[in-house]
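Chemist: return atomic coordinates for the entry below.
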Amino acid sequence: MMQLRLGIVGLGFRSPFVKHWHQPDGDSIITAVADLDPAAIETFKETITADVYATNDFQELLVRDDVDAVVILTEDYKHKDHALQVLEAGKHLYLDKPMAISTEDCDEIYRAWQASGQKMMIGFNMRYMPMYQTMKRYIDEGFIGEVKAIWIRHFVGFGGQFYYQDWHRNQKGTYSLLLQKASHDIDVIHMLTGSYVQKVAAFGDLDFYQDEANFEADNLEHQTDWPIDVEDNNVVIMQLANGVKASYLQNHFTPDYQRNYVIIGTRGRMENDELNGTITIKTRQTDALADKSDITIQMKPTEGSHAGADPKITQAFVDYILRDIEPDPTPWDGRMSVAVGVEATKSLRSGGGVREVSQEKP
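Modeler: Residues are numbered from 1 along each chain as shown. Have a look, this model is predicted:
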């Protein structure tokens, strides 16, 4: 196979990055698309290519000889069903995060993938963002010593616009925004530490968007009749298998959008500033470390959406299929991020008790 031929399922909110896969003179080309919305198909044809097979029935992509791999960008609650059908059809699979909306569904996908002989990649684009790759490199090179704590504050500006008007706002659509949003950050915690969360506890409530006055004040529309029943204000604490302690705070009614990571090790600490594009490393001022000065890393501007991650993650999938280069993350990473989010949600909905996260592979 000299060129990867792709079918895309779901051309809505998450799909603009697929343009990087359409390189008719390069490694990959989009040959077929499927979406229930005719307008989404027309937008794709106008902005990417009109030379494509288009349908409202994604199963038609599964029997086409000119589709080697299928990209699933549909709603979270459809991921399991779509993923299983793709693998059963003998197609390679790119599955957007979260892998599914329950641990059991992830395990079913994982078993199907192992039995299929196909390749599957989970779409965690934060793993390909230069800022978080740089933080990982400095950690691995020992600049802050052995990691002992990670604190994350996630300010979800426009949270109402993105998550409280449509299917995201309901448990049957996404189960919890600790999957839809926090699965990224849980995965980055796993990436930075080389370990998985073992125990989790959480508190959370629907503190803002349960009030119709706040909903209207943000100029939001009820695009579905599914009720709002997912929390908009969450606090999660975690202990990893290697002893690292982590915390994650998520709020959907802040005026700004950014992630703030603080990583503390035995030799110092690291902190990012997404808005200003910097990473600061502060070293503990002890006799043994007196020769170490503080460092500020200014990230260079990057081309491509999602802070430059989208061109990288799309190429990583192509390299995986065409050149057998294993991607980062693995399907098990996808499963584990969901498992942590599920157990955190169960904790916050039952009073905040500590819950174990299953590490057993199916």
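Chemist: how about the helices in the stretch 101-250 of the chain?
Modeler: For the stretch 101-250 of the chain, the helices defined by DSSP state H, counting those that start in this stretch cover 103-116, 130-140, 159-163, 171-174, 177-180, 182-193, 212-217.
Chemist: kindly report the same for the stretch 251-362 of the chain.
Modeler: 309-323, 331-348.
Chemist: now do the first one and helix 130-140, the angle between them.
Modeler: It refers to helix 309-323. Computed by axes from the mean of the first three to the mean of the last three CA atoms, to 10 degrees, the angle separating helix 309-323 from helix 130-140 equals 70 degrees.
Chemist: got a list of contacts for helix 309-323?
Modeler: 1-2, 4, 17-18, 20-21, 27-28, 68-69, 92, 94, 119, 121, 123-130, 303-304, 325-328 (CB atoms under 8 Å, 6 or more residues apart in numbering). C-beta here means a position set from N, CA and C on the backbone, and glycine is covered the same way.
Chemist: return the most buried member of the helices of the stretch 101-250 of the chain.
Modeler: Among the helices of the stretch 101-250 of the chain, helix 177-180 has the highest mean neighbour count (mean count of other CB atoms under 10 Å), at a mean of 26.
Chemist: now the end-to-end length of stretch 115-123.
Modeler: With CA to CA, to the nearest Å as the measure, stretch 115-123 spans 21 Å from end to end.
Chemist: can you give me the buried ones in that stretch?
Modeler: 116, 118-123 (16 or more other CB atoms under 10 Å).
Chemist: likewise stretch 73-88?
Modeler: Within stretch 73-88, the residues that count as buried by 16+ other CB under 10 Å are 73-80, 82-87.
Chemist: neighbours of D27, just the number please.
Modeler: For D27, the count of nearby residues is 16 (other CB atoms under 10 Å).
Chemist: surely it touches L4?
Modeler: Yes. Using CB atoms under 8 Å, D27 is in contact with L4, at 6.2 Å.
Chemist: where does the stretch 251-362 of the chain dip in pLDDT?
Modeler: Along the stretch 251-362 of the chain, the model assigns pLDDT under 70 to residues 286-292.
Chemist: show me the strands in the stretch 251-362 of the chain, by range?
Modeler: With DSSP state E, counting those that start in this stretch as the criterion, the stretch 251-362 of the chain has strands at 258-265, 268-273, 278-283, 295-298, 355-356.
Chemist: check the offset of the shortest one from the chain's centre.
Modeler: Centre-to-centre, strand 355-356 and its host chain are 22 Å apart (CA atoms, centre = their mean, to the nearest Å).
Chemist: also the fourth one?
Modeler: Centre-to-centre, strand 295-298 and its host chain are 26 Å apart (CA atoms, centre = their mean).
Chemist: buried residues in that strand?
Modeler: I297.
Chemist: partner strands of that strand, with direction?
Modeler: Neighbouring strands of strand 295-298 in its sheet, by DSSP bridges, are strand 278-283 (antiparallel).
Chemist: could I get the helices of the stretch 101-250 of the chain in JSON lines, plus columns for distance to W332?
Modeler: Formatted as JSON lines, the helices of the stretch 101-250 of the chain follow (distance: least, CB to CB, whole Å):
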{"stretch": "helix 103-116", "distance to W332": "7"}
{"stretch": "helix 130-140", "distance to W332": "18"}
{"stretch": "helix 159-163", "distance to W332": "27"}
{"stretch": "helix 171-174", "distance to W332": "21"}
{"stretch": "helix 177-180", "distance to W332": "16"}
{"stretch": "helix 182-193", "distance to W332": "10"}
{"stretch": "helix 212-217", "distance to W332": "38"}
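Chemist: mind listing what K300 touches?
Modeler: K300 makes contacts with P130, as judged by CB under 8 Å, 6+ apart.
Chemist: next one: S305
Modeler: Shown in contact with S305 (CB under 8 Å, 6+ apart): 16-17.
Chemist: going forward, the N-terminal residue is numbered 756.
Modeler: Got it, first residue is 756 now, which makes that one S1060.
Chemist: compute the distance between it and K1067, please.
Modeler: To K1067, S1060 is 11 Å away according to CB to CB, to the nearest Å.
Chemist: strands - which of the buried residues of stretch 828-843 land there?
Modeler: Applying DSSP state E to the buried residues of stretch 828-843, no entry is found in strands.
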